[in-house]
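Engineer: quick one: sequence and predicted model below, then my questions.
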Amino acid sequence: MSFGHPYFLLAFLLLPVVGLLYLRRAGKREAVVPSLMLWRTAASEAIAETGKRPGWFDLPLVLALVFFAAVIVAASEPTIDARCEAAPDVLIIVDRSASMATKTESGKTRLDRSIQDVVGLLERLDCGEVMLIGLPLAAGPALEKLAPAEARRRLRELAPTDMPLDLMHGLSRCVGSGRRVSAVIVITDDVEAVPERLGGKPVLVVSHGGPSSNIAIDAFEVSRSDAGVLVFAAVKNYSQVSAEVPVAVLADGEKAEQFNLKVRAGGRAMFCAGPLKEAAEIKVRLKPNDDLQSDNTAVAVHSQEERLHVAYVGRENQIIMRALGLLPGVEVSRFRLTGDVKGGFDLYIYDGVTPDRLPAGDVILIDPLGKVGPFTVQDPVTNTAGMRAVATDKSPLLQNVDVGALRFERALNVVAEPPARELVTIANAQATVVMRCETESTRVTLIGCGLRLSETNWPMLPSFPIFWANLVAAAAGREDLIAALPVYSLTGRRVVVSRPVGGRLTVAGPGGERVPLIPGYGARSYFLPTKAGIYKTDGWRRAVNMLHPAESDNSGSASSPAPGLQKLVLAPVERAGVSLWGIFAITALACALAYWAVAAREGH
Amino acid sequence: MSTHPLINRELLGKLERLEVAFRRAQRGRPEGERPGAHRGGRVEFADYREYSPGDDFRYIDWNVLSRTDDLVVKQFEREEQYRIVLLLDRSGSMDFPRDADGLPTKLEYGAACVAALAYIALTARHCVDVAAFADGRCDWFHAGADRKQIFGLIDYLQKLRPGRATCIAPALEETFERSGGQCLIVLVSDLFDEQRPRRILSTLAARGFDISIVHLLSRQETEPGPRGRIRLRDAETGGAVSLRVTDAAAAAYRKALRDFGERWSAFCGRHDIRFVSSTTDVAFEDFVMKYLRHGGLVR
């Protein structure tokens, strides 16, 4: 028998302490009896009959000791060494994230090069079954157990996905699967994220290239002047090495200017271009010779859409501002908390405040932070839309509103795009109240407390702005805006980059035509990452590409397996055995339950 | 009237209708030819027997002789004042059950038993001595034959505090020395005495003492409650034993207790000693009216 963590066995030294503690604790229970005479008599007679003193077997003590012993042994991960003739199993974890599609100097992608190495390794390795896991898990089957020849064939068929990957998270989910294997092979370009051992097993990393020049557009501004269009952009280097990157400025698809920016590691380089000639679309592109047009691109489009005038009353709220920015044609006027809001707006948003009198028009009342929820007062009723509604006359949200004049008719049915659907589901589950009521002159959307507008949870739920954009558009009665709202739109109605759930990335051109994508390249994250920004002023709608930092341009040098690690995998391995962890864990659990039952029965 | 908590006025009324049952003919004062200085002691007809030479002519029943020509003499029972010694064990083991809601301790129960027996005896104008013993020492209360002394006796009994060790033998020896002759001895105790008091009991029984034993136990003793590893401390000696009380151990204890009672019962049967056993959860009135009557202590 061998142990994965033999140092845990040192805890056996504590067993006597456990026994002593038990006896000491048990010794504190004292009962005064009239006489010990009969107890002694009983003991002596029992000894005479059975040869044992009654109660000599201390079951709780034995259970406690066995429990601790089982826990210790289970923690040390015991395995029965099976010097079996069968060859050891190998777990291969393949990083299929988008960055693995980066081409190397040889013209092949990183994934192809790595798979070629691993296939060669498998041909030389006398191994048993091969367990194959492709990451991200959502992109394919979680685990496949294959014969070596089949594994080699399946490996050659693997292709990169267009999805980002948190490698550490993915590996941690694979640890359980690799419990019975003798070695783990990880194919990735994120070498630094891979630990030396995974679940106690040695790890061989096969990598060709790494995140050495992770560069993305960081800021982007376009403004008009009498002379023409002025463009400002900043590029940030997220990697740990300096880089030089070409940047092109395009006006209506034609290259207007080009810069070669030198960006130090972790630093930022900026440029200002123009004045350029009048154009409906301004683009800034990193590496303009790249194949994918929408990759590493910031776009600004001059939109002539119908305006939606919005009055925002409240403290500055980034989420709301970004949500408004997502909607084409929205013009926001901000008002102080105490300021009077003049009429004439299409939509009024009261964030954390309540107006003395509801204005005529569409109104959104948002529950302020830190206040008691407005709809958690009394008698919740599930309405036809499946959302909870309650009496609102005591709502702090409506403290200044003539509630009697409002007729609550239905819950607002939020039509959310894929990124926000999960959020809407969460909102429904948490009984978030999104409710609409109408008077003859006012239509009010009430947003309850279930979804707090918090700057702190914004990174965790990057779909917030999309969710709120849906809400704003619905409250304003502009469902057409919702329909036009893509997963994210770089160019408003002109170029739409979208990725339906479970589908592939698609790019639609101005006429709705499909823009061909070159396999292995492309922008892959549909979330709104923190480094992206979408802004809008004066009819210019601008967007910066939304690449996940780990998945943007990577072109590091190739790396090959370390010789030592190769030997480790190729060496004869007798570690393929039966893990006894579960047996000892179950034993510990059974002992704990039995101890609890005995202790409960004996009243201590 | 101030009474013991277990003895109410109604029970006292019932006790007055009882009398102490003497198992053996007590040797009273020897009968003489002349009236003595002692007063009291009624003489009542008991039976006839055939005349034999030497019988006192005064006791020949002349009416029977005239009707049947049989010469018989009348026999009389003299209602004599007997001496009754009530011994109450006040050792530490009698201070049970503790913290039992509403249940008296064995000492309180035994004290009530002593008070009831004393009241019955005093009602019949017997001479009553009460002794509470523990740690080899007896505290005597001489009630005499005065019925009014019952209040003093109850007061004395209520002030009793438990001692430590049970020492039955010294108490019986002291009783023997003080009695000066045969008497009725009632021993109220749990009999948890490791000094083996049976020898002195058998000696006294052989010498004609009318002895009764009231064996008291509490439910705590008959049904040991706690289970698991427990440090059992002796209430009398202070000695302790760390023991794991399991169901088997409790069963062995119950068997030992049952054997203990049976041994005492067999011993008493061999030596013509009355033996009454009860637990303190028995209603006291039932104890007196049933247990003591069935045990032959009262009638």
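Structural biologist: Sure, I can see it.

Engineer: contacts, neighbours, all on C-alpha from now
Structural biologist: Fine.

Engineer: stretch B:184-191 near chain A at all?
Structural biologist: No: Stretch B:184-191 is not in contact with chain A by Cα under 8 Å from any Cα of the partner chain; minimum separation 9.2 Å.

Engineer: grab the most central residue of chain B for me.
Structural biologist: With distances taken as Cα atoms, centre = their mean, the residue of chain B nearest its centroid is B:Val186 (2.2 Å).

Engineer: burial measure for B:Ala46, as a count.
Structural biologist: By other Cα atoms under 10 Å in any protein chain shown, 10 other residues sit near B:Ala46.

Engineer: OK, contacts around A:Met37?
Structural biologist: Listed by Cα atoms under 8 Å, 6 or more residues apart in numbering or on different chains, the contact set of A:Met37 reads B:192, B:194.

Engineer: in the stretch 151-299 of chain B, which spans are helices?
Structural biologist: Applying DSSP state H, counting those that start in this stretch to the stretch 151-299 of chain B gives helices spanning B:168-179, B:198-206, B:219-222, B:247-270, B:284-286, B:293-294.

Engineer: may I ask you to name the longest helix in chain A?
Structural biologist: Ranked by residue count, the top helix of chain A under DSSP state H comes out as helix A:581-602.

Engineer: residues in contact with that one?
Structural biologist: A:60, A:63-64, A:66-71, A:73-75, A:77-79, B:226-228.

Engineer: among the helices of the stretch 151-299 of chain B, which gets the worst mean confidence?
Structural biologist: Lowest mean pLDDT of these: helix B:219-222, a mean of 80.

Engineer: would you mark the buried spots in that helix?
Structural biologist: Residues of helix B:219-222 classed as buried: B:219-221 (neighbour count, 16 or more other Cα atoms under 10 Å in any protein chain shown).

Engineer: that older thread, save the helices of the stretch 151-299 of chain B as a markdown table, and put in distance to B:Arg98 too.
Structural biologist: Below are these laid out as a markdown table (distance: least, Cα to Cα, whole Å):
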| stretch | distance to B:Arg98 |
| --- | --- |
| helix B:168-179 | 23 |
| helix B:198-206 | 29 |
| helix B:219-222 | 9 |
| helix B:247-270 | 19 |
| helix B:284-286 | 18 |
| helix B:293-294 | 29 |
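
Engineer: burial of residue 129, as a residue count?
Structural biologist: Just so you know, I chose chain A. Neighbour count for A:Glu129, taken as other Cα under 10 Å: 21.

Engineer: correction: the question concerned chain B.
Structural biologist: For B:Asp129, the count of nearby residues is 21 (other Cα under 10 Å).

Engineer: dig out what it forms beta bridges with.
Structural biologist: Bridge pairing for B:Asp129 (DSSP bridges) gives the partners B:Val85, B:His142.

Engineer: let me see the contact set for it.
Structural biologist: B:83-86, B:140-144.

Engineer: what do you get if the cut-off is 6 Å, keeping everything else the same?
Structural biologist: Applying Cα atoms under 6 Å, 6 or more residues apart in numbering or on different chains to B:Asp129 gives the contacts B:85, B:141-143.

Engineer: can you map out the strands along the stretch 51-200 of chain A?
Structural biologist: A:78-80, A:90-95, A:130-135, A:144-146, A:183-187, A:197-198 (DSSP state E, counting those that start in this stretch).

Engineer: how about B:Asp210: what's its closest non-neighbour residue?
Structural biologist: The shortest distance from B:Asp210 to any non-neighbouring residue, by Cα to Cα, 6 or more residues apart in numbering or on different chains, is to B:Leu184 (4.6 Å).

Engineer: gap between that neighbour and A:Val229?
Structural biologist: Distance, B:Leu184 to A:Val229, using Cα to Cα, to the nearest Å: 130 Å.

Engineer: repeat for A:Ala216
Structural biologist: Relative to A:Val229, A:Ala216 is positioned 23 Å away (Cα to Cα).

Engineer: nearest residue to B:Thr280 other than its sequence neighbours?
Structural biologist: Leaving aside its chain neighbours, B:Thr280 sits nearest to B:Ser218 (5.3 Å; criterion: Cα to Cα, 6+ apart).

Engineer: you'd agree the one you found is up against B:Ser278?
Structural biologist: No: in this structure, B:Ser218 is not within contact of B:Ser278 by Cα atoms under 6 Å, at 8.4 Å.

Engineer: ok, these two, which is more surrounded?
Structural biologist: Neighbour count, other Cα under 10 Å: between B:Ser218 and B:Ser278, B:Ser218 has more, with 24 against 16.

Engineer: neighbour-wise, which of A:Ala216 and A:Val229 wins?
Structural biologist: Higher neighbour count among A:Ala216 and A:Val229: A:Ala216, with 29 against 18, using other Cα under 10 Å.

Engineer: mind listing what the more buried one touches?
Structural biologist: By Cα under 6 Å, 6+ apart, A:Ala216 lies in contact with A:235-236.

Engineer: which residues does it bridge with?
Structural biologist: Following DSSP bridges, A:Ala216 is listed with bridge partners A:Lys236.

Engineer: against A:Val263, how distant is it?
Structural biologist: Here A:Ala216 is placed at a distance of 11 Å from A:Val263 (Cα to Cα).

Engineer: now do the contacts for the residue of chain B found nearest chain A.
Structural biologist: Taking Cα to the nearest Cα as the measure, the point where chain B comes nearest chain A is B:Ser93, at 4.1 Å. Neighbour list for B:Ser93: A:34, B:235 [criterion: Cα under 6 Å, 6+ apart].

Engineer: which phi and psi values does whichever residue of chain A sits closest to chain B adopt?
Structural biologist: Closest residue of chain A to chain B, Cα to the nearest Cα: A:Pro34 (4.1 Å). Main-chain torsions, A:Pro34, degrees, to the nearest 10: phi -60, psi -40.

Engineer: what sits closest to it if chain neighbours are left out?
Structural biologist: In space, A:Pro34 is closest to B:Ser93, 4.1 Å off (Cα to Cα, 6+ apart).

Engineer: now A:Arg113
Structural biologist: A:His208 (6.8 Å).

Engineer: how many neighbours does that neighbour have?
Structural biologist: As a burial measure, A:His208 scores 28 neighbours (other Cα under 10 Å).

Engineer: pull out the buried residues from stretch A:29-49.
Structural biologist: A:30, A:32-39, A:41-46.

Engineer: what mean pLDDT does it have?
Structural biologist: For stretch A:29-49, mean pLDDT rounds to 77.

Engineer: low-confidence stretches in the stretch 1-150 of chain B?
Structural biologist: B:1-4, B:23-44, B:77-80, B:100 (pLDDT under 70).

Engineer: and the strands in it?
Structural biologist: Taking DSSP E, counting those that start in this stretch, the strands of the stretch 1-150 of chain B run over residues B:43-50, B:72-78, B:83-89, B:127-134, B:137-144.

Engineer: would you mind finding the most buried of those?
Structural biologist: Ranked by mean neighbour count, the strands of the stretch 1-150 of chain B are led by strand B:83-89 with a mean of 27 (mean count of other Cα atoms under 10 Å in any protein chain shown).

Engineer: which residues sit against it?
Structural biologist: Taking Cα under 6 Å, 6+ apart as the rule, strand B:83-89 contacts B:127-133, B:183-189.

Engineer: now the angle between strand B:127-134 and it, please.
Structural biologist: Inter-element angle recorded for strand B:83-89 and strand B:127-134: 20 degrees (by axes from the mean of the first three to the mean of the last three Cα atoms, to 10 degrees).

Engineer: coming back round to it: what helix or strand is the residue nearest to A:Arg113 located in?
Structural biologist: Using DSSP states H and E, no element contains A:His208; it sits outside every helix and strand.

Engineer: my guess is it contacts A:Arg110. True?
Structural biologist: Yes: between A:His208 and A:Arg110 there is a contact under Cα under 6 Å: 5.3 Å.

Engineer: would you mind measuring from B:Cys268 to A:Leu36?
Structural biologist: Applying Cα to Cα, the value for B:Cys268 to A:Leu36 is 23 Å.
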